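>>> quick one: sequence plus predicted model below, questions after.
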Amino acid sequence: MIRFDNVGLRYGMEPEVLSDVSFHIPAQSFQFLTGPSGAGKTSLLRLLFMSLRPTRGQISIFGKDVLSIDRRELPLLRRRIGVVFQDFRLLNHMTIFENVALPLRVRGRVISNYHRDVIELLKWVGLGEKIHALPPVLSGGEKQRVAIARALIDQPEILLADEPTGNVDPHMARRLLRLFIELNRSGTAVVIATHDLGLMEQVDARRMILSAGRMDIFG
Amino acid sequence: MNETRPIATEPVLPDKAMTPIVPPGNTAGQAMALVVAIMSFLACLTVGAVSLVNQSAVTWQSQISREATVQIRPARGLDVETALAEARAVAVGFDGVRAARVIGRDETLGLLEPWLGAGLELDQLPLPRLVVITIDEDSPPDFAAMRSAIAEVVPNATLDDHRAWVSRLVSMARTMTFAGTCVLVLVLAALVMTVVFATRGAMAGNHEVIEVLHFVGARGGFIARQFQNRFLVIGLRGAAAGGLAAIIVFIASSLWASRNLTTAENEQLSAFFGDFTIGMGAYIGVMLVVVLVGLLTMLTARLTVLRVLHEFDEKRADPSR
């Protein structure tokens, strides 16, 4: 589904933040992306989400070379990827329901077509009672779950989550992890960027470890 | 996963009940609407003022070129009344003359009264007498031929076709209209810049919304449409408020003029600016200003969104940016 071959990335004239990174993310797979702070996890996620282009090497996403993808085609490819940002990126003036429904709204779907799906998904992530709440009144864990629900609402082929447990307590972290595992069982590939060793130890999944811009893969 | 999900029981809201994607009201939007309203008001007032000056200039020119005057100076042995009648008869005989009227004794006294006071004995003063000739503006008479014909019959008569006045007034009117148009252009330029900067300022707070929409897979056109529609409403609301305020000023000035210009002092004002009635052109101008402001805010919002999206693409192509 996604393939990196000898990918390098540098910002301006700085040293490479990613060097000769090669890996393959198969469909329906589950993996952690980890490494110390500043190792390049967020940069790698941005490459996966096509918000950056590699300085060298080749990235193939859904069978397309990212360097040759037309700008107008990017939104359509992004719709096949769900992203959970570390800082949630929720729209504070919209209700939880509307935030989760946003990806469907931008695809031109009418509410009567997706209302039931959004409600069900919110109940699945444990926010069925707060569909009319606004993000500012939610806790960090609740915001995280809204962000996850928004990333999942259009049934993406792959979910990218950047430090999804960074703002929550261990109990909530375990709950979110169970959510990701259940999602993966339903057929979505999952990439979780984290440096939470405790979280990774709970799942027997592939680990992609970034260190000084280079990647080692275990499992 | 699907089997475990309970069935939704929430009532389905209509699409229109959804919160707009662009935040409906914030301080920046209100400030922008206020700035747009003030600038639109000033632009509409300028449109009205230019229209008034232009209308008055056309009226002056028309009123003066519509008439010519035969002046007969009194002389020893000249029967002024007979000379007036003869001069009038000659004038009426020319093509392009609609009417000729002798200014009678009482009317002449009336004309002089503000300067010389009442109770004048006209016969004791060597005052010239006048014949006012009304001209067909579309096909004016041959003034040279009329002048010599009148001089032949009444040697003491001179014909004034007001050409010197008309040319001065035309030149003054053109200068005033040009100056007014320059002011209007400057005000409109200021309006355009204010609207553009106010829109961009109000848009700055929405950068995050653009980013989120971009990342959830919205196309550039969709994102631009959300913002341009929102800012069109803000721009039109501000411009309509400014335009309405200007129209109220127009109507108030017309009402004031109709009540106060009947006094002798204000007749001087009325001579320059007519009856202070703002013509239809000014009202059309106000509507055009409102439409212009609406389109400008919409276009600026659209271009700002597209520029932000372009920046995302630039950043994507060059990570160091």
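Ah, there it is. Residues are numbered from 1 along each chain as shown, chains lettered A, B, ... in the order given.

>>> quick one, what contacts residue 198?
As the question left the chain open, I've gone with chain A. The contact partners of A:Gly198, by Cβ atoms under 8 Å, 6 or more residues apart in numbering or on different chains, come to A:170, A:173. (Each C-beta comes from the backbone N, C-alpha and C, glycine too.)

>>> hmm, I had chain B in mind actually
When contacts are taken as Cβ under 8 Å, 6+ apart, B:Ala198 is in contact with B:31-32, B:35-36.

>>> let's see that with 7 Å instead.
Listed by Cβ atoms under 7 Å, 6 or more residues apart in numbering or on different chains, the contact set of B:Ala198 reads B:32, B:35-36.

>>> do B:Ala85 as well
B:Ala85 makes contact with B:Val102, according to Cβ under 7 Å, 6+ apart.

>>> scan the contacts of B:Ala198 and report the most crowded one.
Counting neighbours by other Cβ atoms under 10 Å in any protein chain shown, B:Val36 comes out on top of the contacts of B:Ala198 with 28 neighbours.

>>> count the neighbours of the closest residue to that residue other than its chain neighbours for me.
Of all residues not flanking B:Val36 in the chain, B:Gly238 sits nearest, at 3.1 Å (Cβ to Cβ, 6 or more residues apart in numbering or on different chains). Using other Cβ under 10 Å, B:Gly238 is surrounded by 28 other residues.

>>> any idea which element B:Gly238 lies in?
Assessed by DSSP states H and E, B:Gly238 sits inside helix B:220-260.

>>> mind giving me the packing neighbours of that helix?
Helix B:220-260 sits against helix B:27-65, helix B:163-204, helix B:207-215, helix B:280-317, with contacts defined as 3 or more Cβ pairs under 7 Å, 6 or more residues apart in numbering or on different chains; DSSP states H and E.

>>> which elements pack onto the third one?
Taking 3+ Cβ pairs under 7 Å, 6+ apart as the contact definition, the neighbouring helices and strands of helix B:207-215 are helix B:220-260, helix B:280-317.

>>> what do you get if the cut-off is 8 Å, keeping everything else the same?
Where contact means 3 or more Cβ pairs under 8 Å, 6 or more residues apart in numbering or on different chains; DSSP states H and E, helix B:207-215 is packed against helix A:96-106, helix B:220-260, helix B:280-317.

>>> tell me which of these lies nearest to B:Ile150.
Closest to B:Ile150 of the helices and strands packed on helix B:207-215, according to Cβ to Cβ: helix B:220-260, at 39.5 Å.

>>> which stretches in chain A count as helices?
A:41-48, A:74-78, A:96-106, A:111-124, A:140-152, A:170-185, A:197-201 (DSSP state H).

>>> need those helices in CSV with mean pLDDT, can you?
Putting those into CSV (pLDDT from 0 to 100) gives the following:
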stretch, mean pLDDT
helix A:41-48, 91
helix A:74-78, 90
helix A:96-106, 95
helix A:111-124, 91
helix A:140-152, 91
helix A:170-185, 87
helix A:197-201, 85
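
>>> OK, contacts around residue 72?
With no chain named, the answer covers chain A. Per Cβ under 8 Å, 6+ apart, neighbours of A:Arg72: B:Arg219.

>>> actually, chain B is the one I wanted.
B:78, B:80, B:83-84, B:87, B:128-131, B:154, B:156-157.
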